[in-house]
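Trainee: Predicted model, plus sequence, below.
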Protein chains: 2
Amino acid sequence: MKKFLNTADTYLTDALAGFAAAHPDLSVNLESRVVTRARGAVPGKVGLVSGGGSGHEPLHTGFVGEGMLDAACPGEIFTSPVPDQVVEAVRAADSGEGTVLIVKNYTGDVMNFEMAAELAGEEGRRVETVLVDDDVAVEDSTFTAGRRGTGATLLVEKIAGAAAARGDALEEVAAIGRRVDAASRSFAVALTACTTPSAGRPGFDLPEDEVEVGVGIHGEPGRRREKLRPASEIVSDMVDAVLDDRPLESGAEAIVVVNGMGGTPLSELYLVYGEVAALLEERGVSIVRNAVGDYVTSLDMAGCSITVCEAEEGFTDLWDAPVSTPGLRWGI
Amino acid sequence: MKKFLNTADTYLTDALAGFAAAHPDLSVNLESRVVTRARGAVPGKVGLVSGGGSGHEPLHTGFVGEGMLDAACPGEIFTSPVPDQVVEAVRAADSGEGTVLIVKNYTGDVMNFEMAAELAGEEGRRVETVLVDDDVAVEDSTFTAGRRGTGATLLVEKIAGAAAARGDALEEVAAIGRRVDAASRSFAVALTACTTPSAGRPGFDLPEDEVEVGVGIHGEPGRRREKLRPASEIVSDMVDAVLDDRPLESGAEAIVVVNGMGGTPLSELYLVYGEVAALLEERGVSIVRNAVGDYVTSLDMAGCSITVCEAEEGFTDLWDAPVSTPGLRWGI
């Protein structure tokens, strides 16, 4: 294993300490493993909390800040945060207007966030949960019942975050988050496996001439292995998978995310985006907003995911709203 | 070679086409290989042009936009743009107030940008050149006489770009660009070699337990190979190399960039930043601004560079000024 680290055991803490040093406008509690805005909960605003296993940076800690999350609770690498940690995040985010939990659909996350929601409820806190389940690759998977939550998390956190920032009420913020998830579908392909610091070697073996089609963000198996083909063919299959699951009519508008998994250079992601744009144009779908870069990663995995979100009423205005986080920033 | 591409020959054009599709506020001429702001040169403003070999994305095309470059001229992968291409970029950037060329110190770039400056001069255009030569690893190298230009390019383009945006005259914009370069030093370490599409295999062999200390952004050899050590030791040597070359006194203020080479996940970059921050604090140096992410990459190389720029009078205000480019954005 070749990584910049001191020991596998201290990897996450050291990375969070560096994150804290780099972002003094955020507050990082290394003991409780909760990241919040340094100024705390925003009075009068619905709180937004997300979290999940680490290793998907900038998700979720990198999306804490004005216009997005109020708190993030990063678990160990590829491991759900524990309920107490989530409750701490809720306490930090809740100004009295209630809190929306954004949860990627993995069994451990769902269970621990549910337990946290109950505990927070017992403290008299109002909590709504938005489940993200956009990955069409497999119906059930290693860590999931139902579709996995992947790239759409960026869209849910940004758009729901903007809704909260403009003063929407708890149920409204949750509702728009759910609408974004329902309007989004994703599909990923891996060129290489990723290596967690604790395992010290790639999570699966992938021959030098093969790719994993439909891979999950922890390296979970996808639909099939196949020989590496030209990008145009790979991307065509990815777009088909996404649009077969949730068709878009000619004339529809979409927000598209081409997301790198951590080890793929930006020029390849742009190349993929060009293929996606051409394919959607052929189908009469207009891409009204896009994001190309690393947002929901899998440590050092080479690969990418494509997310297509139908741009329903109100989505683009909220996407465009000012945001200031380590991972996404404009207008501030 | 495992990459998202159609053919090695079309890699760059396809990537630029995708870049163009993703960024409608920029104009990409696929034939002349010049990227400009869609609205063209800004009347009354000094133009900023940069370029160099491709493969370092987001540099340089990703830094075209409000507050940074007016035009970029990307060469083939790891290959200088040709003089005619640079002249085209100068024509596109020049509103009549003159143009600053920001050139990384590689023999091919220096020669071709010099020739372009002469050609532009013959057209009656005023041109100033800022040479970026921040990499302290080696005095001469495969493609260089003198220090190589690497991570400081981000700082030069941002700070000089902001100076141009606020209305500084040609000589002033060039002068502050030169001051930023003079105040900056960088050092890089590679964990893996990168693979260009045309070569199809890693540019050099690096054993599984060794790192290249002082590597260049094209995979040029550095100072030595050594066994992989804990990040704290590697980073300590990197910071020593940077500060041995240009010492900072206790009480100094610095802007620090921890730059990923393309294949290294963000969590490792934050871990490295944490080590840098601790080391500078020990020396009494305050980090007043920082950037942690992929800015000046080497395709899929795993590795990172550290740039320390002494924050001289005026630098942080210009760093903080609004910017809107694909690779760097805030305030707009």
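Mentor: Looks like it arrived, so ask away.

Trainee: Please tell me how far the residue of the stretch 1-150 of chain A found nearest chain B sits from A:L30.
Mentor: Going by CB to the nearest CB, chain B is nearest to A:G18 of the stretch 1-150 of chain A, at 2.8 Å. (Each C-beta comes from the backbone N, C-alpha and C, glycine too.) Taking CB to CB, to the nearest Å as the measure, A:G18 falls 11 Å from A:L30.

Trainee: more crowded one of the two?
Mentor: Taking neighbours as other CB atoms under 10 Å in any protein chain shown, A:G18 and A:L30 compare with A:G18 leading, 26 against 13.

Trainee: My read is that the more buried one contacts B:L266, right?
Mentor: No: the criterion here is CB atoms under 8 Å, and A:G18 misses it with B:L266 at 10.1 Å.

Trainee: which residues do the two both contact?
Mentor: Residues touching both A:G18 and B:L266 (CB atoms under 8 Å, 6 or more residues apart in numbering or on different chains): B:V292.

Trainee: Distance from the chain centre to the helix or strand encompassing A:E88, please.
Mentor: Assigning secondary structure by DSSP states H and E places A:E88 in helix A:83-93. Relative to its parent chain, helix A:83-93 has a centroid offset of 19 Å by CA atoms, centre = their mean, to the nearest Å.

Trainee: again with stretch A:309-329
Mentor: For stretch A:309-329, the distance to the chain centre is 14 Å (CA atoms, centre = their mean).

Trainee: first to last residue in it, what's the distance?
Mentor: For stretch A:309-329, the first-to-last residue distance is 20 Å (CA to CA, to the nearest Å).

Trainee: Flag every buried residue along that stretch.
Mentor: Buried residues in stretch A:309-329, counted by 16 or more other CB atoms under 10 Å in any protein chain shown: A:309-312, A:315, A:318-319, A:321, A:323-329.

Trainee: and if you look at stretch A:93-106?
Mentor: A:A93, A:D94, A:E97, A:G98, A:T99, A:V100, A:L101, A:I102, A:V103, A:K104, A:N105, A:Y106.

Trainee: now, the most widely separated pair of those residues?
Mentor: Longest distance between any two of those is 27.7 Å, between A:E97 and A:Y106; criterion CB to CB.

Trainee: before we move on, back to that, phi and psi next, for the residue of the stretch 1-150 of chain A closest to chain B.
Mentor: phi -70, psi -40 (degrees, to the nearest 10).

Trainee: What's the separation between it and B:E233?
Mentor: With CB to CB as the criterion, A:G18 and B:E233 are 16 Å apart.

Trainee: Show me which residues of the stretch 1-150 of chain A sit near chain B.
Mentor: Within reach of chain B by CB under 8 Å from any CB of the partner chain, the stretch 1-150 of chain A has these residues: A:2-7, A:11-12, A:14-22, A:54-55, A:57-58, A:62.

Trainee: Take these and keep only those in strands.
Mentor: A:S54 (DSSP state E).

Trainee: Need the buried ones from the residues of the stretch 1-150 of chain A next to chain B selected in PyMOL.
Mentor: Here is the PyMOL command that selects the buried residues among those (16+ other CB under 10 Å):
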select buried, chain A and resi 2+3+4+5+6+11+12+14+15+16+17+18+19+20+21+22+54+55+57+58+62
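
Trainee: Only the buried residues of stretch A:209-220, if you could.
Mentor: Quick answer for stretch A:209-220 (16+ other CB under 10 Å): A:E210, A:V211, A:E212, A:V213, A:G214, A:V215, A:G216, A:I217, A:H218, A:G219, A:E220.

Trainee: actually stretch A:68-88, not the one I typed
Mentor: For stretch A:68-88, by 16+ other CB under 10 Å, it's A:68-83, A:85-88.

Trainee: now swap in stretch A:122-136 and tell me
Mentor: A:R125, A:R126, A:V127, A:E128, A:T129, A:V130, A:L131, A:V132, A:D133, A:D134, A:D135, A:V136.

Trainee: do the same with stretch A:178-191
Mentor: Quick answer for stretch A:178-191 (16+ other CB under 10 Å): A:178-181, A:183-191.

Trainee: What mean pLDDT does it get?
Mentor: Computed over stretch A:178-191, the mean pLDDT rounds to 98.

Trainee: does chain B sit close to it?
Mentor: Yes: shown here: stretch A:178-191 in contact with chain B (CB under 8 Å from any CB) through A:L191.

Trainee: and the end-to-end length of that stretch?
Mentor: End-to-end span of stretch A:178-191 (CA to CA): 31 Å.

Trainee: swap in stretch A:136-143?
Mentor: Counting by CA to CA, the terminal residues of stretch A:136-143 are separated by 15 Å.

Trainee: Then stretch A:254-271?
Mentor: Stretch A:254-271 has an end-to-end distance of 19 Å (CA to CA).

Trainee: any idea of the mean pLDDT in that stretch?
Mentor: Stretch A:254-271 shows a mean pLDDT of 98.

Trainee: which residues does the residue nearest to A:M115 when sequence neighbours are not counted contact?
Mentor: Spatial nearest neighbour of A:M115, chain neighbours left out: A:P83 (4.1 Å); criterion: CB to CB, 6 or more residues apart in numbering or on different chains. Residues in contact with A:P83, defined by CB under 8 Å, 6+ apart, are A:N112, A:F113, A:M115, A:A116, A:L119.

Trainee: before we move on, back to that, in helices only, show me the buried residues of stretch A:68-88.
Mentor: Using DSSP state H, the subset of the buried residues of stretch A:68-88 located in helices is A:P83, A:Q85, A:V86, A:V87, A:E88.

Trainee: Double-check A:R283 against A:D244; I have them as touching.
Mentor: No: no contact is recorded between A:R283 and A:D244 when judged using CB under 8 Å, the distance being 11.9 Å.

Trainee: Between the two, which is the more surrounded one?
Mentor: A:R283 (15 against 11).

Trainee: List the buried residues in the helix or strand hosting A:C304.
Mentor: Using DSSP H and E, A:C304 sits in strand A:303-310. For strand A:303-310, burial by neighbour count (16+ other CB under 10 Å) applies to A:G303, A:C304, A:S305, A:I306, A:T307, A:V308, A:C309, A:E310.

Trainee: Cool, thanks, talk later.
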